[in-house]
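# model this:
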Amino acid sequence: MTDTPIPSDQRILVVDDEADIVALIVYHLAKAGYRVSTAGTGTDGLEAARRERPALVILDLMLPGLSGYDVLEQLRAAEPTKGVGVLMLTARVEEPDRVRGLVLGADDYLTKPFSPQELVLRVGAILRRMAMPSSSPSDVLAIGPIHIDRSEHRVRVDGSAVDLTPTEYKLLLTLAERRGRVQARGHLLETVWDAAPDIQTRTVDMHVQRLRAKLGSAGNLIETVRGFGYRLRADQARVP
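Numbering: from 1, shown residues only. Take a look at the predicted model:
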């Protein structure tokens, strides 16, 4: 394990078995003010995440031992780590590989080779989504059976809690606050992912798919507007 003692309350765990890439990432993250720890295998990475409770994990997919997919799945399945931010870092450029990671609950992905500056920006964007400011203690937005508590970042459907990643939560909240209006994929990329609108990616589609599945029958309130983007039906929306 490698630790960079930079004064910060945000620790980043880098899980990658390529020493030169790890060194590059650690240098730029430390320069940006983050505390950074590393692991070189999937098993070590999972143990470090459970022990250190980092704010975010930068996770390579092709790892010795447990694969990045296995690590991601176990992080999302465990109560102490299910809310950890995850940025996939992979040399696999095929769309099915990226889609699989997003479906398993990754917040974002970056392909190798990558720009260190872009990586730092994406890390910051994920952490901002995780630390969205609350509005007021009673600020609950209700859309039919969906209740979004903006002060606690919690979502319930028909009274039952729904576990969402920070990105899924912000996506749902964005659609809910702009209910009845079509949100283009490019606009959602800018708003939710802080990404340039011209990026060609299925990131939005995969997150909407996963969000619908988690919402159950209430997921039908999220409508696909073919050729444009998505819209949350406004006919049942209210603020208590």
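# for Gly85, give me its contacts.
Shown in contact with Gly85 (CB atoms under 8 Å, 6 or more residues apart in numbering): Ala55, Leu56, Val57, Asp107, Ile126, Leu127, Arg129, Met130, Thr165, Pro166. Bear in mind the C-beta positions are built from the backbone N, C-alpha and C, glycine included.
# in the sheet, who's paired with it?
Applying DSSP bridges to Gly85 gives these bridge partners: Leu56.
# same thing with the one 5 residues further on?
Legend: beta-bridge partners of Thr90 under DSSP bridges are Thr111.
# residue contacts, it?
Thr90 touches Asp60, Leu61, Met62, Gly68, Asp97, Arg98, Gly101, Tyr109, Leu110, Thr111, Lys112, counting by CB under 8 Å, 6+ apart.
# go on, Arg128?
By CB under 8 Å, 6+ apart, Arg128 lies in contact with Asp194.
# okay, and it sits in which element?
helix 116-130 (DSSP states H and E).
# just give me the neighbour total for the spatially closest residue to Ala55 that is not a sequence neighbour.
Distances taken as CB to CB, 6 or more residues apart in numbering place Gln10 nearest to Ala55, at 4.5 Å, with adjacent residues excluded. Neighbours of Gln10 under the rule other CB atoms under 10 Å: 20.
# so Gln10 makes contact with Ala32?
No: counting by CB atoms under 8 Å, Gln10 stays clear of Ala32, with 9.9 Å between them.
# separation between Ala23 and Val155?
According to CB to CB, to the nearest Å, Ala23 stands 39 Å off from Val155.
# tell me which of those two has more neighbours.
Taking neighbours as other CB under 10 Å, Ala23 and Val155 compare with Val155 leading, 24 against 13.
# sheet partners, orientation included, of the strand or helix carrying Val36?
Here Val36, judged by DSSP H and E, is contained in strand 35-39. The pairing partners recorded for strand 35-39 under DSSP bridges are strand 3-4 (antiparallel), strand 11-15 (parallel).
# what about the last one, distance to the chain center?
The chain centroid and the centroid of strand 11-15 are separated by 15 Å, computed with CA atoms, centre = their mean, to the nearest Å.
# appreciated, that's everything.
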